[in-house]
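>>> I would like to see how this sequence folds:
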Amino acid sequence: PLSRLLQSPILTQHLVNCTGLTAPHNSTKTDLRFKPRRGDYLLFRRPDASATPPLSRPIGAVPTPLARGVYVWPTVHGDVLCGPTNVE
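Next up is the predicted model:
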C-alpha cells in the first residue's frame, strides 16, 4: 500500500493517484471511489511503404469526465496510432 511508502505525512489539497488498476488498493481514504478503465491502441499501417504519411503531427481530443480523450499521432515509420479506447 501507498501508506508503507510514506515516511511522513503529506499535507495537500489535491492528490493525483496514478497507480492505474491498483489505485483502490493504494488508497487509505474510504470515501474515494475508483472506476478503472482499460484502453487499447490501434495501429493503422500505410498501404504502401512509399506512400506519403497521412499525419505530420499529433492530434489530441479534449478529455471528458468519462474519458481522457483519444489521441492520434504518426509513428516514426509513417504509420498512424490511435487511442486509447475506453473499455470498462
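>>> separation between Trp73 and Gln13?
According to Cβ to Cβ, to the nearest Å, Trp73 stands 33 Å off from Gln13. C-beta: built from backbone N, CA, C; applies to glycine.
>>> the strands in this protein, which residues?
Ranges of strands in the chain, per DSSP state E, are 42-44, 59-60, 71-74, 80-83.
>>> leaving out sequence neighbours, find the closest residue to Met70.
Careful, residue 70 is Val; it's not Met. Excluding its sequence neighbours, the residue lying closest to Val70 (Cβ to Cβ, 6 or more residues apart in numbering) is Ala61, at 4.8 Å.
>>> what ranges in this protein fall below the confidence cut-off?
Where the chain drops to pLDDT under 70, the residues are 1-8, 15, 17-36, 66-67, 88.
>>> tell me where it has helices.
2-5, 23-26 (DSSP state H).
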